[in-house]
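1. For reference, the sequence and a predicted model appear below.
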Amino acid sequence: MPAEHVVVASTTDSESEARSLAAGAIEARLGACAQIVGPVTSVFHWEGAVQTEHEWRVEIKTAADRVPALTAHLQAAHSYDVPEIIAMPIEGGSAAYLSWLVDETR
């Protein structure tokens with residue numbers, strides 16, 4: 001059974017871009033709520049080498065049917081060539097919160 005609610009996460013190299021990505025998603029009603037966590041340390045392969053960078057993580061709570069539009073929005077607004085955009089199912093939680101989450105994405 002597919003999840004009805006998800007958290008979409010992305011990372012970026014500045015707090016200001018993280019705030020912009022979060023605000024843009026909420027203003028477009030593609031997410032109900034977003035948190036910014038950071039800085040975090042990311043270690044990854046890029047251009048043939050292991051990179052270590054400080055990044056800010058944006059976590060956006062949304063309804064599953066909004067994920068394609070939210071993904072497109074984040075890709076268009078993001079400064080990275082290949083931004084991390086992943087969707088993780090929410091398996092449970094407060095019924096009132098999850099109902100609010102869906103209402104705010106309409």
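-> That came through fine.
2. Please enumerate the strands of the protein.
-> For the chain, the strands defined by DSSP state E cover 5-12, 33-46, 49-63, 86-89.
3. Would you mind finding the most buried of these?
-> Highest mean neighbour count among the strands of the chain (mean count of other CB atoms under 10 Å): strand 5-12, with a mean of 22. Where C-beta positions appear, they are placed from N, C-alpha and C, glycine not excepted.
4. closest one to H78 among the strands of the chain?
-> Set against H78 and scored by CB to CB, the strands of the chain come closest in strand 5-12, at 6.8 Å.
5. by how many degrees do that closest one and strand 33-46 diverge?
-> Angle of strand 5-12 versus strand 33-46, following axes from the mean of the first three to the mean of the last three CA atoms, to 10 degrees, is 50 degrees.
6. How far does strand 5-12 sit from its chain's centre?
-> 3 Å (CA atoms, centre = their mean, to the nearest Å).
7. Not counting that strand itself, show me its contacts.
-> Here strand 5-12 makes contact (CB atoms under 8 Å, 6 or more residues apart in numbering) with 18, 21, 31, 40, 42, 55-64, 67, 70-71, 74, 78-80, 83-90, 93, 98, 101-102.
8. partners of that strand, with directions?
-> Partner strands and pairing direction for strand 5-12 (DSSP bridges) are strand 49-63 (antiparallel), strand 86-89 (antiparallel).
9. Any chance of the ones you listed in CSV with distance to I36 and mean pLDDT as columns?
-> Shown next, in CSV, are those (distance: least, CB to CB, whole Å; pLDDT from 0 to 100):
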stretch, distance to I36, mean pLDDT
strand 49-63, 6, 97
strand 86-89, 16, 97
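10. out of those strands, nearest to R106?
-> That would be strand 49-63 among the strands paired with strand 5-12, by CB to CB, at 8.3 Å.
11. low pLDDT regions in the protein?
-> Scanning the chain for pLDDT under 70 picks out 1-2.
12. go again using 80 as the cut-off
-> Residues of the chain meeting the criterion pLDDT under 80: 1-3.
13. Identify the single longest helix in it, thanks.
-> Scanning the chain for the helix with the most residues, using DSSP state H, yields helix 15-27.
14. So which bits of that one are buried?
-> Residues 17-18, 20-22, 24-26 are the ones in helix 15-27 that count as buried (16 or more other CB atoms under 10 Å).
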